[in-house]
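[1] for reference, the sequence and a predicted model appear below.
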Amino acid sequence: MYVVRPARTADLPAIEKMAVASGIGVTSLPNNREKLFERIQQSLDAFEHDADLDAGKEYYMFVLEAHGQVVGTASISACAGFDEPFYSYRSETFVHASRTLKVNNKVHVLTMCHDLTGLVQLCGFYSEPAIDALAIELLSRARFLFIASQQQRFGRRVVAEMQGIHDAAGQSPFWDAIGRRFFDMDFVEVEQAFASRSKTFIAELMPAYPIYVPLMPGAAQQAIGQIHPDFERPFGILGREGFEADNYIDIFDGGAVLTADVDRLYTVRTSSCHPVEVTASLPASANLRLASNEKVADFAATLVQAEVVDGVAFVNPDGALALGVASGDTIRLAPLQVGPEGEPA
């Protein structure tokens with residue numbers, strides 16, 4: 001059985017292995033043992049504290065557990081850029097016109113900004129390659145079940161950066177066209193610097209003036225707003241959840257930046273809370289659903305066979321055990337978006 005729960009200190013070796021396996025591009029899961037340990041400790045503090053303490057600073061790290069083994073991780077930052085601005089490129093159109101020459105040209109430009117600073121940020125997502133589609137959906141959407149349950153801890157807009165295009169050697173055509181010219185560092189080096197150091201170097205070295213896209217090489221232009229193949233499944237889940245590619249891209253690899261209103265997220269809109277009745281004899285109409293308890297430090301989410309009858313959620317004993325609930329407790333249920341074969345439900 002798959003269970004999503006808060007990360008613990010004992011999970012550090014498994015999370016470190018996933019950070020190594022994730023390669024470049026997932027800067028929110030740094031290949032740095034000390035940084036990972038700090039994030040686990042920050043997460044433990046966030047889960048233990050009341051919502052009004054250190055508002056905005058909280059970082060929540062979750063892990064996906066299968067048969068006692070940690071096989072995935074995903075996080076929520078309550079406030080993107082809490083300590084420093086959250087940088088991105090805003091995609092815009094400039095108009096260059098001359099009445100004398102009767103010329104009116106629209107030109108695509110990229111402008112560095114921190115418009116998205118302060119939004120809730122989804123980050124640190126990684127799952128082992130062999131994990132099936134249902135488990136990946138659980139890992140991603142468990143965060144929305146937690147947000148739905150603990151809305152006082154989060155803002156009303158959420159952002160997620162998608163990994164952009166780079167080749168097998170870790171070279172990014174977008175970075176080569178822009179960032180390399182100002183940093184004199186290759187993509188792998190700057191990703192490592194971004195994950196382990198202060199982000200102020202972005203403002204110090206990146207061009208503050210608009211970048212004219214038509215002046216960029218063709219490969220770099222084609223990379224704008226694209227998503228690395230490894231992120232297609234997470235992207236699909238977020239798309240069904242209600243995220244859209246806004247007018248922003250990642251400043252390093254040009255990958256898509258997705259945003260959504262928390263209240264319009266599919267999981268938030270369709271989930272509902274019910275008292276639990278644990279039974280081995282489920283109604284014939286019971287089907288597989290996402291479920292979570294309403295706890296904070298002991299939060300848990302899993303997939304359960306359940307049915308709601310007269311407002312009561314009937315669940316099987318295995319599901320109740322995974323959630324840490326008993327008859328009379330409250331759980332939150334949400335419909336699946338993909339079926340057992342990985343196709344939309």
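    In hand now; what should we look at?

[2] with just CA atoms, put stretch 201-212 into PDB.
    Included here for stretch 201-212 are C-alpha records, laid out as PDB according to Å, rounded to 0.1, in the frame of the first residue of the first chain:
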ATOM      1  CA  PHE A 201      23.600  36.300  -7.600                       C
ATOM      2  CA  ILE A 202      20.700  36.200 -10.100                       C
ATOM      3  CA  ALA A 203      20.000  39.900  -9.700                       C
ATOM      4  CA  GLU A 204      23.700  40.700  -9.600                       C
ATOM      5  CA  LEU A 205      24.600  39.000 -12.900                       C
ATOM      6  CA  MET A 206      21.500  38.400 -15.100                       C
ATOM      7  CA  PRO A 207      20.500  41.200 -17.500                       C
ATOM      8  CA  ALA A 208      17.900  43.500 -16.000                       C
ATOM      9  CA  TYR A 209      16.800  44.800 -19.500                       C
ATOM     10  CA  PRO A 210      14.300  43.000 -21.700                       C
ATOM     11  CA  ILE A 211      15.700  40.200 -23.900                       C
ATOM     12  CA  TYR A 212      14.500  40.200 -27.500                       C
END
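
[3] buried residues in that stretch?
    By neighbour count with 16 or more other C-beta atoms under 10 Å, stretch 201-212 contains the buried residues 202, 206, 211. Placement of C-beta: from N, CA and C, glycine included.

[4] how many other residues sit next to residue 57?
    Counted with other C-beta atoms under 10 Å, residues neighbouring residue 57 total 15.

[5] distance of it relative to residue 151?
    The span separating residue 57 from residue 151 equals 18 Å under the rule C-beta to C-beta, to the nearest Å.

[6] the residue nearest to residue 66 when sequence neighbours are not counted - how many residues pack around it?
    Nearest-residue entry for residue 66: residue 2, 5.4 Å, with adjacent residues in sequence omitted and distances by C-beta to C-beta, 6 or more residues apart in numbering. By the measure other C-beta under 10 Å, the count of residues near residue 2 is 22.

[7] same deal with residue 111?
    16.

[8] can you list contacts of stretch 4-17?
    Contacts of stretch 4-17 from elsewhere in the structure, counted by C-beta atoms under 8 Å, 6 or more residues apart in numbering, are 29, 31, 33, 36-37, 40-41, 43-44, 47, 60-65, 69-70, 73-74, 138-139, 142, 297, 299-302.

[9] and those residues, which are buried?
    The buried subset of those - by 16+ other C-beta under 10 Å - is 29, 31, 36, 40, 43-44, 47, 60-65, 70, 73-74, 138-139, 142, 299-302.

[10] among the residues you listed, name the ones in strands.
    Among the buried ones among the contacts of stretch 4-17, the ones falling in strands (DSSP state E) are 60, 61, 62, 63, 64, 65, 70, 73, 74, 301, 302.
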